[in-house]
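**Student:** Sequence and predicted model, in that order:
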Amino acid sequence: MREFIFDLARFIPYRDRQVCKKVRAVKREDICKHPKAQFKIRVIENTDEFYFEFALDIVTRIRQALEKGKKMILILPAGPIPQYRIAARLINELGVSWQRFIARLVAYGPVNTLVPRSILQTVPTTYTLLGGVADNCEVEIR
């Protein structure tokens, strides 16, 4: 009988066996002990708290970029995504221009079904905005 040799699934884009073996060996008690001090990892057990913290991080980064007048690009997961509903509520409460935000989400956010017009990013096209919608998103804390 031949020995079974484990192989990584073909759909996995990263297939370096040694690296995959090394990262699989990281134990739960060591998951937050990353060798790069500037790379912080934290574990949140409660899903509601996790999604809230995720949403708060999104909104905080948007607000900081707006306050500094800087362009911001987010790389966001496509699902499951309950944190976006929470982020939307926080954005509304903080007074961020929703129309201006959605226009930016269409153009710069992840392509997904919650933002149907984001599909425009996948084809050659010109995305046209009314002038006022292109204005900066202002953040007012009330």
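**Tutor:** Yes, it's here.

**Student:** Using CSV, list the CA coordinates for the lowest-mean-pLDDT helix or strand in the chain.
**Tutor:** In the chain, no helix or strand scores lower on mean pLDDT, DSSP states H and E than helix 131-134, which sits at a mean of 72. Taking Å, rounded to 0.1, in the frame of the first residue of the first chain, the C-alpha atoms of helix 131-134 are listed here in CSV:
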residue,chain,number,x,y,z
GLY,A,131,-20.6,67.8,-8.5
GLY,A,132,-21.9,68.1,-5.0
VAL,A,133,-21.7,64.3,-4.5
ALA,A,134,-18.0,64.5,-5.3
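
**Student:** packing partners for that helix?
**Tutor:** The elements that helix 131-134 packs onto, with contact taken as 3 or more C-beta pairs under 8 Å, 6 or more residues apart in numbering; DSSP states H and E, are helix 98-108. (C-beta placed from N, C-alpha, C; glycine too.)

**Student:** what helices or strands is the helix it packs on leaning on?
**Tutor:** helix 82-94, helix 131-134.

**Student:** Compare these and report which one is nearest to F6.
**Tutor:** helix 82-94 (34.6 Å; C-beta to C-beta).

**Student:** With mean neighbour count and distance to F39 added, can I get the helices and strands packed on helix 98-108 in JSON lines?
**Tutor:** Shown next, in JSON lines, are the helices and strands packed on helix 98-108 (neighbours: other C-beta atoms under 10 Å; distance: least, C-beta to C-beta, whole Å):
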{"stretch": "helix 82-94", "mean neighbour count": "17", "distance to F39": "21"}
{"stretch": "helix 131-134", "mean neighbour count": "10", "distance to F39": "35"}
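
**Student:** Now distance to V23 too, for the ones you listed, in JSON lines please.
**Tutor:** Listed next are the helices and strands packed on helix 98-108 as JSON lines, based on distance: least, C-beta to C-beta, whole Å:
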{"stretch": "helix 82-94", "distance to V23": "25"}
{"stretch": "helix 131-134", "distance to V23": "43"}
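
**Student:** Would you single out the least confident of these?
**Tutor:** Least confident of the helices and strands packed on helix 98-108, judged by mean pLDDT, is helix 131-134 with a mean of 72.
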